[in-house]
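Asks: need a structure here:
(one chain, ligands or ions: 1)
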Amino acid sequence: MRWQGRRKSDNVEDRRGISGRGLAVGGGLGGLIIVALYFLLGGNPDEIVQSLQTQGTTSTAAAGQPLSEKDKEMGDFVSVILADTEDVWRTVFSGSGQQYREPHLVLFTDQVDSACGYAGAATGPFYCPGDEKVYLDLSFFDEMQLKLGAPGDFALGYVIAHEVGHHVQNLLGIMDQVMSRRGRVGEREFNQLQVRLELQADFLAGVWAHYARQAADYLEQGDIEEGLNAASAVGDDRIQRQQQGYVVPDAFTHGTSEQRVRWFKKGLETGDINQGDTFNASIL
Ligand SMILES: [Zn+2]
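Replies: Prediction:
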């Protein structure tokens, strides 16, 4: 991706290298539980939730360490992608007479406090509807770079656009609608709704890519499938629920790689938000 020199967003909060210690005081998860969708990483969800609950009391933060040139460049890249999403969604929203409220994006190292609770790097990228912020940790970037190699920058752009997609779902009330079904429908049905929520976020990431590609031709053939497959292999995100008490869904997935690529591509090709109704689609 050729991203250098493009506009950077003002909405990035860079908390990298800042110790999370102290933030935990009186914080912890409180009544808010982050449910890590650990399925793609092949782990036991209970373990992750336990680790989330204890992370607030331990600190492994590399606090006070200056950012390297690579770290700074990564921060610039994130700012450019976020700015791109702002431009795209402002345009799309104003097209239907609505105003787009820009989310903030928090870069952190090791651990972070959010309105959705305390999270460690193991939580992965996430969006918190409570404070309308996307949270990204540097170690996840490193992991992606290591595993993904060359198309890593696109995969990272996709992850950011996917999380911003959750913000769009939040602004449109879609996230609330899905979360309000929790406990009112069976677990399996709720899992299905969450899969459709995730696939729609992939679709919305595709809509971003559609317009971003028009504005700056930085997507190359092959980037997309490679990047998207790689991103989902890493386990792109976790979702949060502001709920007390929860049951970790047994069978929850983000959808298969094919489904994710398909919805992303649908967004990419149409650029039409009306084409992204994953909830009424008979075939995912
Ligand atoms: Zn997601």
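
Asks: so after the lowest-mean-pLDDT helix or strand in the chain, what's the next helix or strand?
Replies: Using mean pLDDT, DSSP states H and E, helix 45-55 stands out as the lowest-scoring helix or strand of the chain, at a mean of 37. For helix 45-55, the following helix or strand on the C-terminal side (DSSP states H and E) is helix 69-95.

Asks: Next, the buried residues of that next one.
Replies: Within helix 69-95, the residues that count as buried by 16 or more other C-beta atoms under 10 Å are 71, 74-89, 92-93. In short, each C-beta sits where N, CA and C put it, glycine included.

Asks: which residues does Asn11 contact?
Replies: By C-beta atoms under 8 Å, 6 or more residues apart in numbering, Asn11 lies in contact with Leu82, Glu86, Glu102, Pro103, His104, Leu105.

Asks: Just send those back as TSV, with distance to Gly124 too.
Replies: Below are these laid out as TSV (distance: C-beta to C-beta, whole Å):
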residue	distance to Gly124
Leu82	18
Glu86	23
Glu102	22
Pro103	17
His104	18
Leu105	14
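
Asks: Next up, identify which helix or strand the nearest residue to Arg260 once chain neighbours are set aside is on.
Replies: Leaving aside its chain neighbours, Arg260 sits nearest to Asp202 (4.9 Å; criterion: C-beta to C-beta, 6 or more residues apart in numbering). Taking DSSP H and E as the criterion, Asp202 maps to helix 187-215.

Asks: How about that helix, which residues are buried there?
Replies: Buried residues in helix 187-215 (16+ other C-beta under 10 Å): 190-212.

Asks: What of stretch 275-284?
Replies: Within stretch 275-284, the residues that count as buried by 16+ other C-beta under 10 Å are Gly276, Thr278.

Asks: Please work out which residues outside that stretch touch it.
Replies: Against stretch 275-284 from outside (C-beta under 8 Å, 6+ apart): 193, 195-197, 199-200, 203-204, 207, 255, 259, 262-263, 266-267.

Asks: mean confidence score for that stretch?
Replies: Mean pLDDT, stretch 275-284: 91.

Asks: wait, does it make contact with the ion?
Replies: No: for a cut-off given as C-beta under 5 Å from the ion, stretch 275-284 has no contacts with the ion; the smallest distance is 12.2 Å.

Asks: Where does the prediction get shaky in this structure?
Replies: 1-2, 19-64, 121-122, 138, 141, 143-152, 216-221, 226-254 (pLDDT under 70).

Asks: Give me the packing partners of the helix or strand harbouring Asp176, helices and strands only.
Replies: Using DSSP H and E, Asp176 sits within helix 174-179. Judged by 3 or more C-beta pairs under 8 Å, 6 or more residues apart in numbering; DSSP states H and E, helix 174-179 is in contact with helix 152-171, helix 187-215.

Asks: mind checking which of those helices is nearest the ion?
Replies: helix 187-215 (4.7 Å; C-beta to the ion).

Asks: Disregarding residues adjacent in the polypeptide, which is nearest to the closest residue to the ion within the stretch 1-150 of the chain?
Replies: The ion sits closest to Tyr127 of the stretch 1-150 of the chain, with a gap of 7.2 Å, by C-beta to the ion. Sequence neighbours aside, His166 is the residue nearest to Tyr127 in space, at 4.0 Å (criterion: C-beta to C-beta, 6+ apart).
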